[in-house]
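Q: Can you look at this prediction? I've put the sequence above it.
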Amino acid sequence: MKYTTKTLAAASAALLSCESAVAFSSNNLSSPRSRSIISNGINNIQQQQTSTTLYLGDFFNFGKKEEQETTTPPPPTPEEEAAQTGYVDDEDPIEKIFGVFFGKKEAEPMGMKRFGQERFPEQYPAVLDEWADPVEGDDKEMALLRPLLKNTNLETRNLRLTYDANRDGYDPVTFHSKVDKQGGAIVFCTTRAGIQCGGYNPKGWVGYGEARGSIAAFLYILGGKYAAAGAPAIKLRKVGGPGLAQMDLPESGPSFSPDALVIPLGKDGRVARSKLGSYYERLPDGTNSLFGKDSNVQLRDLKVYHGVYAEGEYIPFTDAEPFALY
C-alpha cells in the first residue's frame with residue numbers, strides 16, 4: 001500500500017501525540033521537552049525520500065541508509081541462450097504453444113543440425129544485394145561470375161569450364177555430353193551487341209527431358225544501366241514458385257523456363273531468345289527481355305561453368321527429380 005508524504009506526516013504526528021500529550025497539556029510549547037519532541041518529528045519526516053509517493057515500510061525506516069540499487073543484467077540473446085543451454089528461443093506463437101507440451105526447441109535435436117539458409121542456401125530465393133568474395137584460382141572470366149554465386153552451392157567452390165560453344169560446337173548433343181550429371185552450373189553468354197548475361201541453374205542437367213525446378217535459380221546481366229551503383233550485375237529471381245526453372249531437354253541447349261532465356265543450339269545455331277515476366281522477373285523498368293528491346297539475338301559466345309569436385313565426392317542433383325518440390 002502506498003502513502004503520500006502528507007499522510008506520513010499525519011501518522012507521525014499521531015504517534016507523537018501520546019508522548020506529547022503531557023508535554024502539550026499545559027500549552028508549554030517552549031519547554032525543552034516539547035521542543036525536542038517536535039524537532040524529532042520534523043527531522044524524521046524530512047529524512048524520507050523526496051518523491052511524492054512513499055511506502056508504508058519507509059515510515060518505519062527513518063534514518064536508515066537506503067540500500068544501493070542493483071543493476072539487472074540484460075537478458076541473453078537467442079544465440080547466447082542457445083550456446084549456454086542448447087535450446088533456441090526464436091519461436092513463433094505456434095511453436096511456443098507446442099513448447100508448453102513438448103518442451104523448448106533444441107538447437108541440435110539428437111545431434112542433428114537444424115534446417116536453415118546457411119546450411120541449405122538453395123532452398124531460398126537468390127539474394128539480390130549481396131555478392132560472393134573472390135576465390136583463389138579463379139581466372140579473369142570466373143572472377144566476373146564469382147560475385148553472382150553468393151548463397152549458392154558454388155559460392156566458395158572452384159569452377160571449371162565444362163562447355164565452350166566456340167570450342168565444342170553449337171550442338172545440343174555435344175552440349176549435354178559435356179554438362180549432364182555435373183551438378184549446378186552457371187551459364188555465361190555474350191551477344192554480338194556486347195551484352196554479357198546468362199543464368200544460374202542450381203539443379204544442372206541430366207538430359208532426361210524433364211522440367212527441373214528450383215527457387216534459387218536466377219538470370220543476370222553483367223554491368224550496364226540496370227546494375228545498381230557499385231554492384232557488378234543485376235539478378236532476376238525465379239517467380240511463380242520453383243517449377244520450370246530449367247527445361248532439361250536432350251534436343252536443346254540451356255533453357256531457363258520455356259521462354260526466359262532459351263538457347264536451342266542445333267539448327268538455330270547461335271540464336272538466343274528471351275521473354276521475361278512469366279517465370280523470371282522483368283527488368284526494373286518493365287523491359288521483358290534480357291537483350292533490351294530485342295527478343296532474339298545472335299550470340300558471340302556461350303560457356304558453362306561447373307563446380308570442381310574431388311574424386312569420389314558427392315555431386316548433387318545428378319539424377320531425375322520426378323517429385324521435386326523446390
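A: Perfect, thanks for sending it.
Q: Report the beta-bridge partners for Leu222.
A: In this entry, Leu222 is beta-bridged to Ala233, by DSSP bridges.
Q: Looks to me like Leu144 is in a strand.
A: No - counting by DSSP: H, G, I helix; E, B strand; the rest coil, one finds Leu144 to be helix, located in no strand.
Q: Can you get me a residue count around it?
A: Leu144 is flanked by 16 other residues according to other CB atoms under 10 Å. Backbone N, C-alpha and C define where each C-beta goes, glycine included.
Q: give me every residue that touches it.
A: Listed by CB atoms under 8 Å, 6 or more residues apart in numbering, the contact set of Leu144 reads 196, 222, 232.
Q: Run a quick neighbour tally on the nearest residue to the first one once chain neighbours are set aside.
A: What that stands for is Gln196. In this structure, Gln196 finds its nearest non-sequential neighbour in Leu222, 4.1 Å apart by CB to CB, 6 or more residues apart in numbering. Residues lying near Leu222 (other CB under 10 Å) number 18.
Q: Equivalent analysis for the one 4 residues further on, please.
A: A count of neighbours around Tyr226, defined by other CB under 10 Å, yields 18.
Q: which ones are touching it?
A: Here Tyr226 is in contact with 234, 283-284 (criterion: CB under 8 Å, 6+ apart).
Q: ok, now Ala143?
A: Taking CB under 8 Å, 6+ apart, we find Ala143 in contact with Pro134.
Q: again with the one 10 residues further on
A: Listed by CB under 8 Å, 6+ apart, the contact partners of Asn153 are 121-122, 183-184, 202, 307, 316.
Q: and what of Gly204?
A: 179-185, 212, 306, 317-318.
Q: Now do Pro125: how many residues are near it, please.
A: Pro125 - counted by other CB under 10 Å - has 17 other residues nearby.
Q: Wasn't it part of a strand?
A: No - under three-state DSSP, Pro125 sits outside any strand and is assigned coil.
Q: would you turn the contacts of Tyr226 into a markdown table with distance to Gln298, pLDDT and neighbour count?
A: Output for those, formatted as a markdown table (distance: CB to CB, whole Å; pLDDT from 0 to 100; neighbours: other CB atoms under 10 Å):
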| residue | distance to Gln298 | pLDDT | neighbour count |
| --- | --- | --- | --- |
| Ile234 | 22 | 98 | 21 |
| Leu283 | 21 | 98 | 19 |
| Pro284 | 26 | 97 | 11 |
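Q: So which of those residues is the closest to Leu159?
A: Nearest to Leu159 out of these is Ile234 (CB to CB; 21.1 Å).
Q: Turn the contacts of Tyr226 into CSV, columns for distance to Pro172.
A: Listed next are the contacts of Tyr226 as CSV, based on distance: CB to CB, whole Å:
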residue, distance to Pro172
Ile234, 29
Leu283, 28
Pro284, 33
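Q: and which of those residues is nearest Ser257?
A: Leu283 (15.8 Å).
Q: what's the span of stretch 204-214 from first residue to last?
A: The first residue of stretch 204-214 is 10 Å away from its last residue (CA to CA, to the nearest Å).
Q: can you list contacts of stretch 245-254?
A: If you take CB under 8 Å, 6+ apart as the criterion, stretch 245-254 is touched by 170, 172-173, 175-176, 187, 199, 201-203, 205-215, 217, 238, 255-258, 261-266, 279, 302, 304.
Q: Quick check: ChimeraX command selecting the buried ones in these.
A: This is how ChimeraX selects the buried members of those, with burial counted by 16 or more other CB atoms under 10 Å:
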select :170,172,175,176,187,199,201,202,203,205,206,207,210,211,212,213,214,215,217,238,255,256,257,261,262,263,264,265,279,302,304
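Q: among the contacts of stretch 245-254, which are in helices?
A: If you go by DSSP state H, the contacts of stretch 245-254 have 172-173, 175-176 in helices.
Q: and of these, the nearest to Ala126?
A: Phe175 (23.8 Å).
Q: if we can go back for a sec, among the contacts of Asn153, which are in strands?
A: Residues of the contacts of Asn153 located in strands (DSSP state E): Gly307.
Q: Of the contacts of Asn153, just the buried ones, ChimeraX syntax please.
A: A single ChimeraX command selects the buried members of those (16+ other CB under 10 Å):
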select :121,122,183,184,202,307
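Q: Roughly how far does Asp180 sit from Leu283?
A: Look at Asp180 and Leu283: by CB to CB, to the nearest Å, they are 31 Å apart.
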